[in-house]
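Asks: A predicted structure for the sequence below; I have some questions about it.
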Amino acid sequence: MIAKVAVDMRAKPVDRLYDYIIPDHVSVEVGSCVEIPFGQRVITGYVLALIDEDGSSGDSHPLRPIVRALTAEASSLHPEMMGVMAFLKDRYLCTWGAALQTVLPPMTRAKASARYVLSEHADEGQLDAALFSYIKRYKGITKKTLIDKFGITKRQLDMWVAQDVLQLDIRHTARLGKKRISSHEHAVTREEQLESALPLSIAQEEAYQQLSVALHEGKMRTFVLHGVTGSGKTEVYLQAIECALQAGHTALMLVPEIALTAQMTTRFRRRFGQRIAVLHSRLSDRERYEEWNRIVRKEADVVVGARSAIFAPLSHVGLIIIDEEHEQTYKQESDPRYVVREVAEWRAKYHRAVVVLGSATPSLETMYRVERERYTLLTLPDRIGARPLAEVQVVDMRAEFRKGLHSLFSEPLKLSLEQVLEREEQAILFLNRRGYTTILLCRDCGAAATCPDCDLSLTLHKVQGASVLRCHFCGHMEPLPTHCVNCGSTRIRQFGAGTQKVEQALVEQFSGVRVIRMDVDTTGTKGAHERMLGEFERGEADVLLGTQMIAKGLDFGRVTLVGVVAADTSLHIPDFRAAERTFQLLVQVAGRAGRHDLPGKVVIQTFSPDHYAIMAAQKHDYAQFFVTEMAARKAMQYPPYTEITQFLIAHDTEQVALQTAQTLHEALLSELSLQKDVRIFAAVPASVPRLRGVYRYQITVLYPSFMRVKEGLSRAYQTVLGSATFHATIVVDVNAQMLF
């Protein structure tokens, strides 16, 4: 028997299945994790097929045998995950290695320790008596010790292995570190009274009943739960999960931000207790490994997690829920660049399960599929208890400036904050820009402070009282300059505001205000999200200030004011989705106000008050925004009427990057130019032309059907990759979600 093995390596040159002989003493099956000789090394691979062969690999090299199989349950691939791997490779044009590493359980790729041990046939006559005694005494010997201590050559070592005198023993060392008990582990081990389901509104009941019927039909179906903020989508999720569990299924609940995981997990544990497992990137290696194995052992049948939890090893999946389905965090931005919804639908087809896409602001692609009757729409048009949506006031910052008011807080926002503090209520301030100020500009020559390795402006940060400039892409840092490096002028001024500056302004303008700032700079440590949100929920702060991580999903009863400091930060970026993302962010953050008994108010500060995205957000009018934006997309033939694949070509020499990009463009034209309705844009510098010292070009391809262009895209891609002329890195992003 011959095993066809995918190696645990992402590199394109090794992107194929390798044939290995299965020795009589090695027992493997499809999905087995095996140790294999690969060049001069022994590496890990996975058996994806078994075939009957004559022992020839079809070339001049004889087949080599598998060293051994790893038998731990967590080390093997389930048949479903092998199907997911094939889907990832086919859909996103990634390597077997990239697909493999995406679906692998944690800890299976731990550091391997290789030692040579005596075979059962070895005797002292075949080895030097001192070497034989040493290996027997220490139950093995490393290659380094063989060479350094005993002077054994590689040729002699290979001969002993071939003669079955020595055998290579690979043992995986799990680098777990010290055991740390997290808050969710306490919740697992503590016996507590579970909460009962809440009564449903008429709209909730109707949505639940449709999901219940679908869960018992045993057919793959996708539903869109479109509910305004505060309409009770989570309770529908909870009761649908209970229905799935009663029917003998498992369930998967995905949230877009780690910040949301804590609140969602707490609510789910109150309902399902120890049946919950949690998977997200902020867990330690040990925690992820333990949670993964709880799922494998069927100790948990409900999984709550962020993007990568879509690969949780649940069996008999009945329900997959993607909350805030419109969020761009559901698109993986490293290879393979998968879309969570697409992976969820693949798994749902495999299990004949139900998919629920929930949002107050569904993506245009999702609602387009509703219009085409591919998805079924469920609506929750009102908040629970008929509570009104928050009143939204749009402040024209141009008028504020004309009046000579240059504060970060307009008069309406300042007055509203004062009233909230007087009433001892809470406010959320949203600004999707971290740091202190966003640009440092010379007023004499106009030169901006830029990163030496990236074509990007440096952002001013306050670090332990000192002012430093920092690049948000590569991490470069330098002191705040006193003179312009271009002309020597001292007339250097700071423009734009980040969350640090807003925090300082709050403390200076509102006496005694307590502020919690949540952004990438403050939430980098383990448990920071949970700690900060817990403090705010307990009333230990008056204002929660942050970036988009606080804009959705959070539910605090005493928040009566939401202030959007600058609504334009995402509106004018060079991306056709800018208006959609701005509308979604504004509606989502506005939905944090007045969710319980206290009425809410929202103040949006903008320099573009007449933009249709701003106007629709003020009215909470999804329908109007959808109609307007879809008309613009149709006129330009942008998604959802088409799909986009983008190629990014990068090299540390600009000419090599450009030449490779031009060659790839020619290959794409050769493959696809005759296809109807396919647009292939010329190679142009990426929106960030240089990043970390690497020059970047991009090619964008628009098409109505991926199946029609898949082979052409792949052939052009492989042709240029296989060329010995070019050595640039080429990244392919199928169904690209961000073009800047």
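Replies: That came in fine, so what should we check first?

Asks: going forward, measure contacts and count neighbours with C-alpha atoms only.
Replies: Will do.

Asks: what number of residues lie near residue 331?
Replies: Using other Cα atoms under 10 Å, residue 331 has 20 neighbouring residues.

Asks: quick one: buried residues of stretch 711-729?
Replies: 712-714, 716-717, 720-721, 726, 728 (16 or more other Cα atoms under 10 Å).

Asks: Check stretch 206-221 too.
Replies: For stretch 206-221, the neighbour count (16+ other Cα under 10 Å) marks 206-208, 211-212, 214-215, 220-221 as buried.

Asks: before we move on, which element is residue 18 in?
Replies: If you go by DSSP states H and E, residue 18 is part of strand 17-21.

Asks: that older thread, among the buried residues of stretch 206-221, list the two that are farthest apart in space.
Replies: Across the buried residues of stretch 206-221, the longest distance by Cα to Cα is 19.7 Å; it joins 206 and 220.

Asks: Give me the buried positions along the following helix or strand past the strand holding residue 18.
Replies: Downstream of strand 17-21, the next assigned helix or strand under DSSP H and E is strand 33-38. Neighbour-count burial for strand 33-38 flags 33-36 (criterion: 16+ other Cα under 10 Å).

Asks: Include distance to residue 668 and pLDDT when you put these into a markdown table, please.
Replies: Shown next, in a markdown table, are the buried residues of strand 33-38 (distance: Cα to Cα, whole Å; pLDDT from 0 to 100):
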| residue | distance to residue 668 | pLDDT |
| --- | --- | --- |
| 33 | 37 | 89 |
| 34 | 38 | 90 |
| 35 | 39 | 89 |
| 36 | 37 | 91 |
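
Asks: JSON lines for those, including distance to residue 665?
Replies: Below are the buried residues of strand 33-38 laid out as JSON lines (distance: Cα to Cα, whole Å):
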{"residue": "33", "distance to residue 665": "39"}
{"residue": "34", "distance to residue 665": "40"}
{"residue": "35", "distance to residue 665": "40"}
{"residue": "36", "distance to residue 665": "39"}
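
Asks: hang on, the earlier thing: got a list of contacts for the strand holding residue 18?
Replies: Defining contact as Cα atoms under 8 Å, 6 or more residues apart in numbering, one finds that strand 17-21 is touched by 1-7, 55, 57, 63-66.

Asks: Can you lay out these as JSON lines showing distance to residue 547 and secondary structure?
Replies: JSON lines is the format used below for the contacts of strand 17-21 (distance: Cα to Cα, whole Å; DSSP: H, G, I helix; E, B strand; the rest coil):
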{"residue": "1", "distance to residue 547": "56", "secondary structure": "coil"}
{"residue": "2", "distance to residue 547": "54", "secondary structure": "strand"}
{"residue": "3", "distance to residue 547": "50", "secondary structure": "strand"}
{"residue": "4", "distance to residue 547": "47", "secondary structure": "strand"}
{"residue": "5", "distance to residue 547": "45", "secondary structure": "strand"}
{"residue": "6", "distance to residue 547": "41", "secondary structure": "strand"}
{"residue": "7", "distance to residue 547": "40", "secondary structure": "strand"}
{"residue": "55", "distance to residue 547": "59", "secondary structure": "coil"}
{"residue": "57", "distance to residue 547": "55", "secondary structure": "coil"}
{"residue": "63", "distance to residue 547": "55", "secondary structure": "coil"}
{"residue": "64", "distance to residue 547": "54", "secondary structure": "coil"}
{"residue": "65", "distance to residue 547": "54", "secondary structure": "strand"}
{"residue": "66", "distance to residue 547": "51", "secondary structure": "coil"}
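
Asks: Just give me the neighbour total for residue 202.
Replies: 10.

Asks: Residue 429 reaches residue 560, doesn't it?
Replies: No. Look at residue 429 against residue 560 with Cα atoms under 8 Å: they stay out of range, at 11.4 Å.

Asks: and after the longest helix along the chain, which helix or strand comes next?
Replies: Identified as the longest helix of the chain according to DSSP state H is helix 654-672. Using DSSP H and E, the helix or strand that follows helix 654-672 in sequence is strand 679-680.
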